[in-house]
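Asks: Need a 3D model of the following:
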Amino acid sequence: MSALAVVLIVVAIVGLVVVAMAVQSLISTLRSLRETVDDLRRQTLPAIAELRATVAQANGELARVDNLLDTAEEVGARVEATSRLTWLVLRNPLVKLASASVASDKVARKLSRVDDVTDADVVSPLALPKGRDADRTGRARRRSRGSAARRDRRAG
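Replies: Numbering: from 1, shown residues only. Predicted coordinates:
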């Protein structure tokens, strides 16, 4: 055997030892990785189960809120319709009531002013003229004045 063959055998044995050590390190790392994955699985599975339960509960609550919103919209629509109908029914009587209120307020003011008037403020009515001019009211007098003025114009 030549020296070259001995060197190659030694190099091969050293290479096999290095590869064996690398494989041993790889196996050790894979075991550690397996333990870590198992540990992670043990910790995450309950958390995932809790998460699923929480999501299911949240979906139930969302469905409940959706129902509440639908109900609130229905109630709002009914209130609006009732309000509109009430306004249509009560508008005319309310307007009449308001006008009656204003009218009664005006009458009350007039009556309070009449009550405040004293006897000294009251003026007695004028007496109608007696005699020849008693029959001639304002319109008849105006007619007669107009005729006399026309006669004067024709003559002049």
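
Asks: Give me the distance between Val75 and Thr82.
Replies: Separation of Val75 from Thr82 (Cβ to Cβ, to the nearest Å) stands at 10 Å. Glycine gets a C-beta too; all of them are placed from N, C-alpha and C.

Asks: can you tell me which residues contact the spatially most central residue of the chain?
Replies: With distances taken as Cα atoms, centre = their mean, the residue of the chain nearest its centroid is Gly76 (10.1 Å). By Cβ atoms under 8 Å, 6 or more residues apart in numbering, no residues touch Gly76.

Asks: Just the element for it, please.
Replies: When secondary structure is defined by DSSP states H and E, Gly76 falls within helix 3-116.

Asks: where does the chain dip in pLDDT?
Replies: The model of the chain has pLDDT under 70 over residues 114-156.

Asks: rerun that using 80 as the cut-off
Replies: For the chain, the stretches with pLDDT under 80 are 1, 114-156.

Asks: count of residues packed around Glu35?
Replies: A count of nearby residues for Glu35, using other Cβ atoms under 10 Å, gives 10.

Asks: So it versus Arg64, what's the distance?
Replies: 44 Å.
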